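Chemist: mind folding the following:
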Amino acid sequence: MVLEATIIAIDNSEYMRNGDFVTTRYDAQATATEYIFQNKINSNPENTVGLLSYGGSGPQVLSTLTTDFGKILSGAHGTKISGENHFSSGLQVAALALKHRQNKVQNQRIIAFVGSPIRESDKELEKLAKKMKKNNVAVDIVNFGEENVNTAKLEKFHTAVNNHDNSHLVTVPPGPRLLYEVIATSSILAEEGFEMADSNDFFGGVDANMDPDLALALRLSLEEEKQRQEREAKESKETKDDLTKIEEEDEERKEK
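Modeler: Numbers count the residues shown, from 1 in each chain. The predicted structure is shown next:
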């Protein structure tokens, strides 16, 4: 089990009001934040997680490193949406918070949600990435909402910050799957136990013995999503068959 101190950096800029993720980008991000916290704590009881926002007028530490879910919950749901994102300064403040962790044995990690356009240039991002790498801070990025604008920049940042595959970039376009569900199966949390998803005791990195309600909710959610996709596929096939039948009948009428 990896021993880590993790700062989750959330985007609370004006773009997070957008409704292309359920119910808004910010709400999708908040749910994913809660999921990540539970996953990290369940994977190792000595792990700690902090929360930081980097929209508005600048970065704000919402919760220092903790194992208290209530502090993360309060921070995520008590934050106002405003202004633009301050990606570079946000990551630097997160790294500073990690530097002051009580348990120096913990590996350092930042998980940053990016749901609005990044203003920094490629050169500025490369400089930031090298600084993170030098200080042994792994950086995972959840790129969503503005992926058309940000992906190229974030791919370069990821290449520069990645050290022996310790950092990950996950790009999530709007779609039927919930944001936290995509993260649950991504490289960001894969190492934390998702590979045991078929076990009776674990689901999505959540220990069913520790939190049976959350594990059940995740299982039901993914099963419902699978059923919905199967229904859509069936309906699509039926529609296609009906159109084919109509076209064939039209051809027959033309021939007569």
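Chemist: using the record's assignment, carve the chain into domains.
Modeler: Per the record, the chain has its domains at 4-208, 211-256, by automatic domain parsing.
Chemist: now do the strands in this protein.
Modeler: Taking DSSP state E, the strands of the chain run over residues 4-10, 48-53, 60-66, 107-114, 137-144, 169-172, 202-203, 206-207.
Chemist: most packed of the domains of the chain?
Modeler: For the domains of the chain, the largest average neighbour count (mean count of other CB atoms under 10 Å) is found in domain 4-208, namely a mean of 19. The way it works is simple: take the backbone N, C-alpha and C, and place the C-beta from them, glycine included.
Chemist: wait, what's in contact with the closest residue in space to L73 that isn't next to it in sequence?
Modeler: The shortest distance from L73 to any non-neighbouring residue, by CB to CB, 6 or more residues apart in numbering, is to E34 (6.6 Å). Counting by CB atoms under 8 Å, 6 or more residues apart in numbering, E34 touches F69, I72, L73, A76, Y180.
Chemist: quick check, nearest of the residues you listed to M16?
Modeler: Among these, A76 lies closest to M16 (CB to CB), at 11.8 Å.
Chemist: before we move on, back to that, local confidence estimate at the residue nearest to L73?
Modeler: pLDDT for E34: 94.
Chemist: for this structure, give me the ranges with low pLDDT.
Modeler: Residue ranges of the chain with pLDDT under 70: 1, 191-230, 256.
Chemist: hmm, try it at 90
Modeler: 1-2, 22-23, 175-177, 190-256 (pLDDT under 90).
Chemist: and the helices in it?
Modeler: Using DSSP state H, the helices of the chain run over 25-43, 69-77, 87-99, 122-134, 147-161, 179-184, 187-190, 212-255.
Chemist: adding distance to L3, write those out as CSV.
Modeler: Listed next are the helices of the chain as CSV, based on distance: least, CB to CB, whole Å:
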stretch, distance to L3
helix 25-43, 10
helix 69-77, 19
helix 87-99, 13
helix 122-134, 19
helix 147-161, 21
helix 179-184, 21
helix 187-190, 16
helix 212-255, 22
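Chemist: among those helices, which is nearest V170?
Modeler: helix 187-190 (5.7 Å).
Chemist: from the chain's centre, how far out does that closest one sit?
Modeler: 10 Å (CA atoms, centre = their mean, to the nearest Å).
Chemist: where's the residue nearest to L73 relative to I72, distance?
Modeler: 7 Å (CB to CB, to the nearest Å).
Chemist: identify the contacts common to those two.
Modeler: Between them, E34 and I72 share no contacting residue under CB under 8 Å, 6+ apart.
Chemist: out of the contacts of E34, who's nearest G58?
Modeler: Nearest to G58 among these: A76, at 18.1 Å, using CB to CB.
Chemist: which ones are touching the closest one?
Modeler: I10, A30, T33, E34, L51, L62.
Chemist: can you redo these as JSON lines with distance to T171?
Modeler: Shown next, in JSON lines, are these (distance: CB to CB, whole Å):
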{"residue": "I10", "distance to T171": "17"}
{"residue": "A30", "distance to T171": "20"}
{"residue": "T33", "distance to T171": "18"}
{"residue": "E34", "distance to T171": "21"}
{"residue": "L51", "distance to T171": "23"}
{"residue": "L62", "distance to T171": "25"}
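Chemist: out of the residues you listed, what pair is the most spread apart?
Modeler: E34 and L62 (13.1 Å).
Chemist: grab the nearest non-local neighbour of K130.
Modeler: Closest to K130 by CB to CB, 6+ apart is A160, at 6.0 Å.
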